[in-house]
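K.L.:
Quick one, structure for this:
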Amino acid sequence: MPEELGCTNTVFTNPTGLPDDNQHTTAHDLALIMQAAIRNDSFRTISGATSYTIPATNVSGGTRNLTSSFTMTNPASASYYEGCIGGRESTTTASGSVLVTAAQRNGTTLIAVVMNGATGQTANEAISLLDYGFSNFQLLDLSEDDFHILSGGTVMVPSGATADDLTTEDTESDGQILRTYSFGGTQVGTAVVEDPSQESSSDVLENDENMDSAKAYSESRSQIPYFAIGGVGILLLILLLWRMIRIIRS
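P.N.:
Okay, here's the model as predicted:
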């Protein structure tokens, strides 16, 4: 169902897309539907194919060749777009020309939606949108500098922007934190981040276990008592042992 994808203003009354007074959608919702579709490998294979041959059956009497009419994936078309994953273009009197497509370049995937366009022009309009997106925006992987990020942390921001230009909002859930990144008031990405309180507790437990193991090993190997110390204490202990060794030798 569209609402499961986050669509907020979509109602489908038939599977064909033919006009109906009660059927409607938005560019935003179509982009969400396309985003879910291109995560499916079978959809990407079918949508990106320029042609397909259906083998002969006992009914057809021979093979059947199908050719895609979507120009942006056809290298022989003037509207061919390098990196285009696939899409759909359709025209009715009520809706005008509508096109939905997705393209991938340099690890970045963009989705373009054109609605109520002029017949024969929507592909060029989609190309202009995609070109603008690839030329003026970039992906930032925030996890490269923040080891507290468990998953996510990739954001889409204008070219030249840095992590310092982002604002964050944290929401705690099940011992983890969902962090939302925004640029200029617009959400640009999310990440799951370690809960600091949970992290400190686990670190303390791990350190205690390491200390117990080290103490047990030391006591089994030496008559010198084991003390849990750190920082300056280690330096003082080394100096003390060095002085004891000098006294013993003297």
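K.L.:
secondary structure element for the residue lying closest to Ile85 once chain neighbours are set aside?
P.N.:
Taking CB to CB, 6 or more residues apart in numbering, and ignoring the residues beside it in sequence, Ile85 has Ala102 as its nearest neighbour in space, at 4.5 Å. Heads up, the C-betas are built off the backbone N, CA and C, glycines and all. In this structure, Ala102 sits in strand 96-105 according to DSSP states H and E.
K.L.:
Equivalent analysis for Ile33, please.
P.N.:
Remark: Ile33 resides in helix 27-37, with elements defined by DSSP H and E.
K.L.:
That helix packs against which elements?
P.N.:
With contacts defined as 3 or more CB pairs under 8 Å, 6 or more residues apart in numbering; DSSP states H and E, the secondary structure elements packing on helix 27-37 are strand 96-105, strand 108-117.
K.L.:
Nearest to Thr45, out of these?
P.N.:
Each of those was checked against Thr45 via CB to CB, and the shortest separation belongs to strand 96-105, namely 13.8 Å.
K.L.:
any weak-confidence spans in the protein?
P.N.:
1, 196-250 (pLDDT under 70).
K.L.:
Output the helices and strands packed on helix 27-37 as JSON lines; include the columns distance to Thr26 and mean neighbour count.
P.N.:
As requested, the helices and strands packed on helix 27-37 are exported to JSON lines (distance: least, CB to CB, whole Å; neighbours: other CB atoms under 10 Å):
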{"stretch": "strand 96-105", "distance to Thr26": "11", "mean neighbour count": "21"}
{"stretch": "strand 108-117", "distance to Thr26": "8", "mean neighbour count": "19"}
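K.L.:
what about those, which gets the closest to Thr154?
P.N.:
In this view, the helices and strands packed on helix 27-37 are compared for proximity to Thr154 by CB to CB, and strand 108-117 is the closest at 9.8 Å.
K.L.:
neighbouring contacts of the closest one?
P.N.:
Counting by CB atoms under 8 Å, 6 or more residues apart in numbering, the neighbours of strand 108-117 from elsewhere in the structure are 27, 30-31, 34-35, 38, 85, 95-104, 122, 125-126, 129-130, 133-134, 137-139, 156.
K.L.:
Provide the strand pairings for that strand, with the direction of each partner.
P.N.:
On the basis of DSSP bridges, the sheet neighbours of strand 108-117 come out as strand 96-105 (antiparallel).
K.L.:
can you list the residues that contact the partner strand?
P.N.:
If you take CB under 8 Å, 6+ apart as the criterion, strand 96-105 is touched by 30-31, 33-35, 38, 70, 72, 81-91, 109-123, 125-126, 130, 134.
K.L.:
likewise stretch 144-156?
P.N.:
Counting by CB under 8 Å, 6+ apart, residues outside stretch 144-156 touching it are 108, 137-143, 163, 166, 176, 179, 181, 183, 188-194, 196, 199.
K.L.:
Please, where are all the strands along this structure?
P.N.:
Counting by DSSP state E, the chain forms strands over residues 51-54, 64-67, 84-92, 96-105, 108-117, 137-141, 149-152, 154-158, 167-173, 176-183, 186-194, given from the N-terminal end onward.
K.L.:
Rebuild those strands as a markdown table, extending it with distance to Thr45.
P.N.:
Compiled in a markdown table, the strands of the chain are given as follows (distance: least, CB to CB, whole Å):
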| stretch | distance to Thr45 |
| --- | --- |
| strand 51-54 | 10 |
| strand 64-67 | 14 |
| strand 84-92 | 9 |
| strand 96-105 | 14 |
| strand 108-117 | 16 |
| strand 137-141 | 25 |
| strand 149-152 | 27 |
| strand 154-158 | 25 |
| strand 167-173 | 36 |
| strand 176-183 | 33 |
| strand 186-194 | 28 |
